[in-house]
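Only the shape, not the letters, is given here:
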């Protein structure tokens, strides 16, 4: 059989299909408006005399008019009182580690050779991972990890937590002008470091927050815990009017640097780096004008009922009794399944009618006519202008770019965040949002989709709408380097 080749991008056939799809999208997405046009035209033909005669024919007395007006006011009041409160993201701040914490590739590998001097194969494995990781030369690790061997003491871990969390909150308070007494809700999430007293209690003590503050500390929930914190804050702000919520997302690296030789447990050493973010949310109407974003949706998907998904990111001891995080080889497959479940839920909430109809028709066709039909992947680029994909690693970003059919520009923020800061766990989404703002790309009305994955296994999404065109920030983690980005990231960096 002769080979068939796809039509070139600019061929007449491709151009015709493109215009057919545009016409289809316009007709479906505006079908209600188009259907109302004949009705409006018929109303325009009705003159004042016809309207007056219609009113007289109803024979309404003042009591009926008054009752009707009262009923309309009552219905309107019930509607507006039952309507969910709008949740605003006033501002946020990301921690920028000092240059003294930087770990260039050469430093990282030298330390690996010294720490794993009895196991050269593990050193070579880490070097191959680092070469393909997508990280740059400016990522940072906490001071305790710079010692040989590392000193992961409780005191050092608390020191890192205080440095990252307090710096982020101080910066946020400076940007927003909020005072400690104005904070009504506090949520801190950190997956692997859970001291007593908790990190949230540490913040309460440092800033002398009110005794009646609603304080929460989330641990063990992985890299997607930042969006879980946003979801919790949203629910609390729905029931507590006129309130502010402070959300702090971080991962403390000091006590979690693996010093063994199991390959699956060495991976996190190559990817995870220092980072944290503080976010101020509000349900106050007066904050609508100054807030950067409005929260539209949060969708959470949990695949923990499946044993493989539950154990694919698992903290455990190796045969030598050293604790670390074991990343399963099935991780990307499980992440893909979790993503599929998540976008199935979020799709109907955000996609235009044209995409939903195509997806439905394809689904029906596969069920009734031919199960081998290729599944239709909705075009999420029609629903969002910006994408913040958790910078968990190059493979994660590649997989989502392929599955969602995104362009290089759509995943630019994620790739550059991974390159400059590494995997900062639950705070990575805020570094990515900061990148988009630093590039001056965030305009009023733009929609942002944040997607994160976490142990358990979870895939969580948050949708934000930009309240106002955001000027390029004068401060923040990208200030001194944004002019250098985007950079070319080769497939392999030979060390």
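The structure has been received and is ready for your questions. Model, not experiment: these values are computed from the prediction.

all strands in the stretch 101-250 of the chain, in order from the N-terminus.
Taking DSSP state E, counting those that start in this stretch, the strands of the stretch 101-250 of the chain run over residues 185-189, 214-218, 244-250.

Among those, single out whichever gets nearest to residue 126.
Nearest to residue 126 among the strands of the stretch 101-250 of the chain is strand 244-250 (24.2 Å), distances taken as C-beta to C-beta. C-beta here means a position set from N, CA and C on the backbone, and glycine is covered the same way.

who does that closest one pair up with?
In the sheet, strand 244-250 lines up against strand 185-189 (parallel), strand 276-282 (antiparallel) (DSSP bridges).

average pLDDT across it?
Averaging the model's pLDDT scores along strand 244-250 yields 98.

Please compute how far that strand lies from its chain's middle.
For strand 244-250, the separation from the chain centroid amounts to 14 Å (computed by C-alpha atoms, centre = their mean, to the nearest Å).

List the buried residues of it.
For strand 244-250, a neighbour-count test (16 or more other C-beta atoms under 10 Å) marks 244, 245, 246, 247, 248, 249, 250 as buried.

do the same with stretch 347-367
Within stretch 347-367, the residues that qualify as buried by neighbour count (16+ other C-beta under 10 Å) are 347, 350, 351, 354, 355, 358, 359, 362.

Confirm the fourth one sits in a helix?
Same thing as residue 354. Yes. When the secondary structure is assigned by DSSP: H, G, I helix; E, B strand; the rest coil, residue 354 falls within a helix.

Now do it against residue 383, distance only.
Residue 354 sits at a distance of 11 Å from residue 383 (criterion: C-beta to C-beta, to the nearest Å).

what about the stretch 51-200 of the chain, any weak spots by pLDDT?
Within the stretch 51-200 of the chain, the stretches falling below the threshold (pLDDT under 70) are 51-52, 54-61, 64-65, 78-83.

now do 90
51-84, 115-119, 148-149 (pLDDT under 90).

ok, back up a step: and among the strands paired with strand 244-250, the most buried is which?
strand 276-282 (a mean of 28; mean count of other C-beta atoms under 10 Å).

Could you list the paired strands of the next helix or strand after that strand along with their orientation?
Once the chain leaves strand 276-282, the next helix or strand it forms, by DSSP states H and E, is strand 293-302. Sheet partners assigned to strand 293-302 using DSSP bridges are listed as strand 88-94 (antiparallel), strand 458-466 (antiparallel).

average model confidence for strand 293-302?
Here strand 293-302 scores 96 as its mean pLDDT.

what comes up buried for whichever helix or strand comes after that strand?
Per DSSP H and E, strand 293-302 leads on to helix 307-311 as the next helix or strand towards the C-terminus. Buried residues in helix 307-311, counted by 16+ other C-beta under 10 Å: 309, 310, 311.

Surely the first one is in contact with residue 454?
The one in question is residue 309. No. Because the distance of 11.2 Å does not satisfy C-beta atoms under 8 Å, residue 309 is recorded as not touching residue 454.

coming back round to it: dump the strands paired with strand 293-302 to JSON lines, plus distance to residue 231 and mean neighbour count.
What follows is these, written out as JSON lines (distance: least, C-beta to C-beta, whole Å; neighbours: other C-beta atoms under 10 Å):
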{"stretch": "strand 88-94", "distance to residue 231": "13", "mean neighbour count": "24"}
{"stretch": "strand 458-466", "distance to residue 231": "8", "mean neighbour count": "23"}
